[in-house]
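Colleague: Have a look at this prediction, sequence included:
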Amino acid sequence: MIPPTSLRLALPRRRSSAVRPTRPLRVVAALVVALGVAGTVAACGEEDPQDEPTVTGATQADVQVVGNAWAPPSFAYDTPLTVTEPRLETVWEGVGAKVDDGDVVVLDTYAEDGRTRKVVANTFGGEPRAVRVDEKTLGTDLYRMVKGRTAGSRVLEVADSKGVPLVTTVDVLSGRAVGEQVAQGKGEPVVTRAADGTPSVKIPKGAQAPSELAVLPLIRGTGPQLQAGQLVTVQYTGVTWSDGKVFDTTWGGKKLPLTFRLGVGDVIEGWDQGLLELPVGSQVLLVVPPDLAYQGTSSKLADQALVFVVDILDAHTPGTGPEVGTKAKAAKVSPSETPTSGS
């Protein structure tokens, strides 16, 4: 089932769900702690004697970043890293809107302990953090990395936190679909969007609900295609075909996007089928017949055809990139290669 706030307790699942993945480990730095990454700090703060640096390596100015969007970066620097002054810069600019206070964003984070290259955060292998932007929620350091950036940007910070040199990137992803708008056909439910992206749905008067799943693109994103087994982060609004009333939404108030695992029964069958192979960044209209929704359950929606507007914000394959607590390999950067490159 879809576990929205108003339905999570009310509706039984269509089938047993997979165990939700464990969140990444928490690190000692205030910046990475602010990202909401759960776990332990042992990998960062209690090094084995053989891991202790004995020679001077590089400074923050020597750190180079390579890699593409939708995946963890690779860093090139010599260990042990010494931070003589903080370094903060944009690796690449996104194509989305500029992030301001109150906006919802999705944050993907990767960080290493510069003394030993131990990975202290990697949300690309698990669940990203969806958050509404304000300094109190994010903390000063992370707020400085996020506020004012364009959605889709990757930001680098090299800083000292309680004696630990941290090399951190944050990918600031939009809280709404970003891409080319697709014209709607006649007889389809009409979708309009508020200034903040909140969708509204109007069902055609007198129209009969389709008996089969309908997947109608509204905005075509440019990210990777969704695959079964991935952790997918979305915004959505659901209405009933019979009267067009909203029965659940992630938009508005203090609500935030939802992350679930695609293709394993975490959500209704209409979502598992309808979202497969759509590109990240897209917005899609799903018209789901009862047999692919809540038919056969005790839900009040059991016999209803349902309409969803879904914004696909992010997708991760569990286990992507190095595991937290392991040592990352140094990136190899040729003299002719651009140190900070992405897409």
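Modeller: Received, thanks.
Colleague: check contacts around residue 122.
Modeller: Counting by C-beta atoms under 8 Å, 6 or more residues apart in numbering, residue 122 makes contact with 24, 72, 109-111, 320-324. Just so you know, the C-beta spots here come from the backbone N, C-alpha and C atoms, and that holds for glycine as well.
Colleague: are any of the residues you listed buried, and which?
Modeller: For the contacts of residue 122, a burial check counting by 16 or more other C-beta atoms under 10 Å picks out 24, 72, 109-111, 320-322, 324.
Colleague: Please convert those residues to TSV, extending it with pLDDT and distance to residue 180.
Modeller: Listed next are the buried ones among the contacts of residue 122 as TSV, based on pLDDT from 0 to 100; distance: C-beta to C-beta, whole Å:
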residue	pLDDT	distance to residue 180
24	34	33
72	96	28
109	97	29
110	98	29
111	98	34
320	95	27
321	95	30
322	96	35
324	96	37
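Colleague: so how far is the first residue of stretch 177-194 from its last?
Modeller: Length of stretch 177-194, first residue to last, C-alpha to C-alpha, to the nearest Å: 13 Å.
Colleague: So residue 137 belongs to a helix, correct?
Modeller: Yes - according to DSSP: H, G, I helix; E, B strand; the rest coil, residue 137 belongs to a helix.
Colleague: so residue 165 sits right up against residue 116, yeah?
Modeller: No - with contact defined as C-beta atoms under 8 Å, residue 165 does not count as touching residue 116 (10.1 Å).
Colleague: quick one, which of these two is more surrounded?
Modeller: Using other C-beta atoms under 10 Å, the more surrounded residue of residue 165 and residue 116 is residue 165, with 25 against 19.
Colleague: Let me know how buried the nearest residue to that one once chain neighbours are set aside is, in neighbour terms.
Modeller: Distances taken as C-beta to C-beta, 6 or more residues apart in numbering put residue 114 closest to residue 165, at 3.5 Å, once the chain neighbours are dropped. Residues lying near residue 114 (other C-beta under 10 Å) number 29.
Colleague: Same question for residue 131.
Modeller: 21.
Colleague: Was I right to think it contacts residue 109?
Modeller: No - if you go by C-beta under 8 Å, residue 131 and residue 109 don't touch, sitting 11.5 Å apart.
Colleague: Contacts only, for the nearest residue to residue 185 once chain neighbours are set aside.
Modeller: Nearest residue to residue 185 in three dimensions, chain neighbours excluded: residue 216, at 7.6 Å (C-beta to C-beta, 6+ apart). By C-beta under 8 Å, 6+ apart, the residues touching residue 216 are 184-185, 188, 284-287.
Colleague: Across the sheet, point out what pairs with residue 216.
Modeller: Residue 216 has the following beta-bridge partners by DSSP bridges: residue 285.
Colleague: go on, residue 309?
Modeller: With DSSP bridges as the rule, residue 309 is bridged to residue 237, residue 285.
Colleague: And for residue 164?
Modeller: Beta-bridge partners of residue 164, as defined by DSSP bridges: residue 161.
Colleague: and residue 271, that's in a helix?
Modeller: Yes - in this structure, residue 271 lies within a helix as judged by three-state DSSP.
Colleague: distance of it from residue 307?
Modeller: 12 Å (C-beta to C-beta, to the nearest Å).
Colleague: any residues in contact with both of the two?
Modeller: By C-beta under 8 Å, 6+ apart, the residues touching both residue 271 and residue 307 are 286, 288.
Colleague: what's the most distant pair in the buried ones among the contacts of residue 122?
Modeller: 111 and 320 (15.1 Å; C-beta to C-beta).
Colleague: re the thing from before, out of the contacts of residue 122, which are inside strands?
Modeller: Members of the contacts of residue 122 lying in strands (criterion: DSSP state E): 109-111.
Colleague: Looking at these, which is nearest residue 207?
Modeller: residue 109 (44.8 Å).
Colleague: Same list (the ones in strands among the contacts of residue 122) but as CSV, adding distance to residue 138.
Modeller: What follows is those, written out as CSV (distance: C-beta to C-beta, whole Å):
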residue, distance to residue 138
109, 12
110, 17
111, 15
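Colleague: Show me which of those residues is closest to residue 247.
Modeller: residue 109 (33.4 Å).
Colleague: partners of that closest one in the sheet?
Modeller: residue 170.
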